[in-house]
Every structure is written in C-alpha cells, then in structure tokens.
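Asks: My questions concern the predicted model and sequence given below.
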Amino acid sequence: MVVNMEQKKLNVVWFCTDQQRWDTIHSLGNPYLHTPNIDRLVAEGVAFNRAYTQSPICTPSRSCFMTGRYPRSTKAIFNGNDNYSKDEKLISRIFADEGYVCGLTGKLHLTSAEGKVENRVDDGYTYFEYSHHPHDDWPGDGNKYQVWLHEKGVQWKDIYGGKFLSMATWPPTANPDFSGKQVGPPAEYHQTTYCVEKAIEFLEMNRKDGKPSFININPFDPHPPLDPPQAYKDRLKVEDMPLPIWKDGEMDDRPPHIQKDLIQGGQDGQVTPIGELTEYEKREHFRDYYAEIELIDDQFGRLLDYLDESGQRENTIVIFMSDHGEMNGDHGLYWKGAYFFEQLVHVPLIISCPGTFKQGLRSNALVELADIAPTLMEAIGQEVPYYMQGKSFYKILTGEANPDYHKDAVYCEYYHTLKGTHEDVDATMYYDGRYKLVTYHGKNYGELYDHETDPNEFCNLWHKPEFAVVKAELTLKSYDQTVLYNMDNSMHRLYSF
C-alpha cells in the first residue's frame, strides 16, 4: 500500500545511541535498570527483538543504515577514512530532495573525527549541531556542544572528572587530575541533554514554519569512557548489578585474537584486562553503563513529551536504536572489535508512529539496520531507490505482514575496521536465527554457535566433527549472502548493451 505523503506529512525523529546493546531496556527484559520512556515507545510502537547491525564498529554501521547499503558496497569499511564516497546518497539527502528540512545533533561519523570536525558530504542537513564526542579538544567552535556550554556560562574543565582529557586523538589523552573514579558532567550540562535540546529547537522551528522535519539525534553515550553524572550513579547500587557472563573453558576454541584480548585487555589491549578487575569493579562497569542509559532514557522522554505536547506525536515516525553494542566484560571482553557475539551485533530497534503503525507489537523477525532506509522511503510513499540493498519492513510496522518473519538470515562484516586493533582480521557473520557462523577469511579457524542449545555462545562448534555438515551448509549460505547482499546495482543498467 502506497502512503500519500501529502496526507500524512510524516516527520522523522531518528534517535541513535552509540554502543548500546540490545539487552538494555527494562520492558524488554532487563531488571537492572529503569527505562520508562523507552518502555513507553515500546508500548506505542513496534519493538524488533532480533535486530542486527551490519558492522560492530561505528563508521561502517552508520554508513550502512544511512544509505540502506552494506558497508563493503559503500566502501566505508573502517573507522578513520578522511573522505566519504561521493557515489553514496544518504537517506537525509533523499528526504531533503523530497521537501523535508533535515537536521543533525551530535555525531555523524561517516568520516574521521580525529583531531578535527569530520569532512561532510552532501548530506542534506541545513541544521548541523555537530558534536562527535563531548570532550573539549577541538580547535575553534567545531564542537557545538562546547559552544552550548559556553553560552550557559559553564567551563568543561570545571564540570568533568573523567579519565580522559581528550578524545580527539587515539589513544585518548589521560586526565592528569583524574581521581580514579569516572564522573561525568551533571545531567543539565550533559552532551546527551544538548543533543535533545537542540533537536527540540529544530523541530519547533519547523513546526512553526509548517515544514516536515527529518532529524538525526546521535549522542555519544553510552560509548566509553563510562562517565555518567554522579546523580545517575547514585540511582543504582553496584551490589545489585550483574557480573559478566563467563563459562570456564569457553576460551579453549576461540579465535586467537579473542584469546589474546582476554589476557591483554579488550580492543587489542586498549582496555584493562578483566583479570585485573575485582568483582566489585566488574559490577561497577555495568552500573555505570546502565546509569548512562538511564540518562539517555530521561532525555529521550523529554523528546517524547515535546512531541506529545506540540501535537506532533501522531504523525511522527520515532526510531530508537544503536549503531552496535558493547561487550562490557561478557566473555572476558570489553568495548568492541572483531567480535560477533550477541553483545556487540544485536542492537535495540523500536519504531513508532501512533497514527500509522501498530502499537505494542513485538516482532521476532530477523531485521537489519540496512533495512531502515528503504522502510522510511516506503513510509513516505516513495519508491525504494534501486541502489538500496536493504529490504523494507514497512508492512510489519503497519500490521500487513507476518511480524515474525522478514529475512532468512542477517549479515555482518568486519574488514580490518579499527586502526591498531585486529588489523589482520577480515570476517563475515551469517546468522539464521539459530546458527551463527563467523568466517575469518584467509584463516584456518572460525566460530559456529547453536543458539537453540547455547544462547550465550559459550561453545564454539567450528571444529566439532559432528557439526561438519552443518558448517558446510552454512558456509555455502554465508558465501551466497556475502555476494548477493552486496550486489551493487548503483550503476543502474538501463540498456541492453
């Protein structure tokens, strides 16, 4: 069914956190934290229980969901690229061409932000409140969050007590005055607060002008360093937090880089090894991670309240998601890297538009972040561009399709994606809802998990003789998926020869 854009004039509010794993929402099963506002979105929309990123790292993931194309096709396969391909067309640019006023608050991260504001592409944004990360370490007014603080008469150095003084270079610059405990700025001065406040400013401006809006809201949290405001730490008790999941012997059949990171620390030694942490410190990591998410939830609630109070909620598509997850000590690992565990590739995805989409629906369909862009095109009554590789799940949102089926499998990739971390790893993941196969290309090892018997991915079946046939069948399917999902039709064949 084609939606008439003139009737609906649907706005789009797209809220994307950074490094938030799927199991961090109270109403979807997490008893350790409180997310009443995200829970409200779950009740008012469609929650996808099995949504997967196409890369466990920022730039390739964001390139994917902003184009509806897989990272290898967009050529943005790693963090740190200076420029972005001029051949790619962002969904924000498409919406701008369709008459929308488009804006961004927070990070974009399609190109490198190391020591500078990232180089922009033809992104379609006329409102650009850019802040890749909160730290005051860019020259001039490149970090709009810091400009916002100055306007409020606040100095970053007076409100921040985190471990790193600067995030503009890698590895980060240590804070010589660090007390030993991460303490972020108060909530009213937090970068997440800034992102939401500026988004509301943008939406209100366009509401008064009568123009349809498209806004990307991309706070830095809950990305490390885990430095929530002290008030949010105080909400949660460390002793009530879980310990990371672990099973003795689980490292016996892991790939070498994972075994190595267990000993030297996650992300190829850039994080304190879990073996050097006390039980209290492991729980503290979860406390701080969840505290950051509770702050996100409060600010997300401000956004929903604004949409309700201004009468825009019924015809606004609200998306809540993350670009990828966080290990947070599970399987002995922290942060991210060439890992394909559920903690890193399985992400939250909730979409709501009360005037158009089903409410209170929880979908068990396998969906990908690459599917969001084509879904949005269909939602505004436009044809999905021929070059998009994702598959629209619009009819699941409207109740016209089976909510528990969308694709046979999902796909994820890592191609030497982080400088200084797992640079010799090129890998792809194939997951059909039961079996997860990870192929390390050019290597004689891999990973195979059966979620029916081992949902926590403790037992790698790759070398088990009794799974040889299953592995062979999945390898063929994975190969087909890798080739066919990345079938690039962007040259747009029009003629016979």
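Replies: Structure's in. What do you need? Numbering: from 1, shown residues only.

Asks: Buried ones in the lengthiest helix in the chain, by neighbour count?
Replies: The single longest helix within the chain, with elements called by DSSP state H, is helix 279-309. Applying a neighbour-count criterion of 16 or more other C-beta atoms under 10 Å, one finds 282-301, 303-304, 306-307 buried in helix 279-309. In short, each C-beta sits where N, CA and C put it, glycine included.

Asks: helices and strands around that helix, which ones?
Replies: Identification of packing neighbours for helix 279-309 by 3 or more C-beta pairs under 8 Å, 6 or more residues apart in numbering; DSSP states H and E yields strand 11-17, helix 36-44, helix 191-209, helix 230-235, strand 316-322.

Asks: Figure out which of the ones you listed is closest to residue 495.
Replies: Judged by C-beta to C-beta, the one of these that comes nearest to residue 495 is strand 11-17, at 35.6 Å.

Asks: Now do the closest one against strand 316-322, angle only.
Replies: With axes from the mean of the first three to the mean of the last three C-alpha atoms, to 10 degrees as the basis, strand 11-17 and strand 316-322 are set at 10 degrees to each other.

Asks: ok, residues contacting stretch 275-292?
Replies: Stretch 275-292 is touched from outside by 24, 32-33, 182, 184, 221-222, 226-229, 232-233, 235-239, 241-244, 262-263, 274, 326, 328-329, 332, 334, with contacts defined as C-beta atoms under 8 Å, 6 or more residues apart in numbering.

Asks: what pLDDT, on average, does that stretch get?
Replies: Taken as a whole, stretch 275-292 has an average pLDDT of 98.

Asks: just stretch 157-174 next, same as before
Replies: Mean pLDDT, taken over the full extent of stretch 157-174, equals 80.

Asks: swap in stretch 408-418?
Replies: Here the average pLDDT along stretch 408-418 is 96.

Asks: Please export the alpha-carbon coordinates of it; CSV is fine.
Replies: Written as CSV, here are the backbone C-alpha positions of stretch 408-418 (Å, rounded to 0.1, in the frame of the first residue of the first chain):
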residue,chain,number,x,y,z
ASP,A,408,16.0,-15.9,6.3
ALA,A,409,19.3,-14.5,7.8
VAL,A,410,21.2,-11.4,8.8
TYR,A,411,24.7,-10.5,7.8
CYS,A,412,27.6,-8.6,9.4
GLU,A,413,31.2,-7.8,8.4
TYR,A,414,34.5,-6.6,9.8
TYR,A,415,37.3,-5.7,7.4
HIS,A,416,40.4,-4.6,9.3
THR,A,417,38.0,-2.0,10.7
LEU,A,418,39.9,-0.4,13.6
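
Asks: so how far is it from its chain's centroid?
Replies: Relative to its chain's centre, stretch 408-418 lies at 14 Å (C-alpha atoms, centre = their mean, to the nearest Å).

Asks: Identify each buried residue in it, please.
Replies: For stretch 408-418, the neighbour count (16+ other C-beta under 10 Å) marks 409, 410, 411, 412, 413, 414, 415, 417, 418 as buried.

Asks: Next one: the first one from residue 348, what distance?
Replies: Just to be clear, that refers to residue 409. When distances are taken as C-beta to C-beta, to the nearest Å, residue 409 and residue 348 turn out to be 20 Å apart.

Asks: Before we go further, residue 429 is sitting in a helix, right?
Replies: No: secondary structure assignment (DSSP: H, G, I helix; E, B strand; the rest coil) places residue 429 in strand, not in a helix.

Asks: Quick one: neighbours of it, just the number.
Replies: The local packing of residue 429 (other C-beta atoms under 10 Å) involves 25 other residues.

Asks: beta partners for it?
Replies: Each beta-bridge partner of residue 429 is listed here: residue 412, residue 438, as defined by DSSP bridges.

Asks: could you list every residue that touches the spatially most central residue of the chain?
Replies: When C-alpha atoms, centre = their mean is applied to the chain, the residue found nearest the centroid is residue 323 (1.4 Å). For residue 323, the contacting residues are 16, 17, 18, 19, 53, 58, 61, 62, 65, 347, 369, by C-beta under 8 Å, 6+ apart.

Asks: residues near the first one, how many?
Replies: Looking back up the chat, that one is residue 16. 23.

Asks: quick one, what contacts it?
Replies: For residue 16, the contacting residues are 62, 65, 216, 217, 218, 319, 321, 322, 323, taking C-beta under 8 Å, 6+ apart as the criterion.

Asks: low pLDDT regions in the stretch 301-450 of the chain?
Replies: By pLDDT under 70, the stretch 301-450 of the chain contains no weakly predicted segment.

Asks: mind listing the helices for it?
Replies: For the stretch 301-450 of the chain, helices defined by DSSP state H, counting those that start in this stretch occupy the ranges 342-345, 372-379, 394-398.

Asks: most tightly surrounded among these?
Replies: Comparing those by mean neighbour count (mean count of other C-beta atoms under 10 Å), helix 342-345 comes out on top with a mean of 25.

Asks: What is it packed up against?
Replies: The contact analysis (3+ C-beta pairs under 8 Å, 6+ apart) places helix 342-345 against no helix or strand.

Asks: State the distance from residue 195 to residue 378.
Replies: Going from residue 195 to residue 378 by C-beta to C-beta gives 28 Å.

Asks: measure the residue in the chain sticking out farthest from the centre to residue 282 for me?
Replies: With distances taken as C-alpha atoms, centre = their mean, the residue sitting farthest from the centre of the chain turns out to be residue 497, at 41.7 Å. Look at residue 497 and residue 282: by C-beta to C-beta, they are 64 Å apart.

Asks: Select only the buried ones of the contacts of stretch 275-292 in ChimeraX?
Replies: In ChimeraX, a selection of the buried entries from these looks like this (16+ other C-beta under 10 Å):
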select :24,32,33,182,184,221,222,226,227,228,229,232,233,236,238,241,242,244,262,274,326,328,329,332,334
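
Asks: Is residue 26 in contact with residue 34, as I believe?
Replies: Yes: using C-beta atoms under 8 Å, residue 26 is in contact with residue 34, at 5.7 Å.

Asks: so residue 214, which of the three states?
Replies: When the structure is split into helix, strand and coil by three-state DSSP, residue 214 lands in strand.

Asks: Next up, the contacts around it.
Replies: 11, 12, 14, 92, 95, 96, 100, 101, 102, 103.

Asks: Turn those into JSON lines, columns for pLDDT and neighbour count.
Replies: Shown next, in JSON lines, are the contacts of residue 214 (pLDDT from 0 to 100; neighbours: other C-beta atoms under 10 Å):
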{"residue": "11", "pLDDT": "97", "neighbour count": "23"}
{"residue": "12", "pLDDT": "98", "neighbour count": "22"}
{"residue": "14", "pLDDT": "98", "neighbour count": "23"}
{"residue": "92", "pLDDT": "98", "neighbour count": "25"}
{"residue": "95", "pLDDT": "98", "neighbour count": "22"}
{"residue": "96", "pLDDT": "97", "neighbour count": "18"}
{"residue": "100", "pLDDT": "97", "neighbour count": "24"}
{"residue": "101", "pLDDT": "98", "neighbour count": "21"}
{"residue": "102", "pLDDT": "98", "neighbour count": "27"}
{"residue": "103", "pLDDT": "98", "neighbour count": "24"}
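
Asks: Right, I'll call it a day here.
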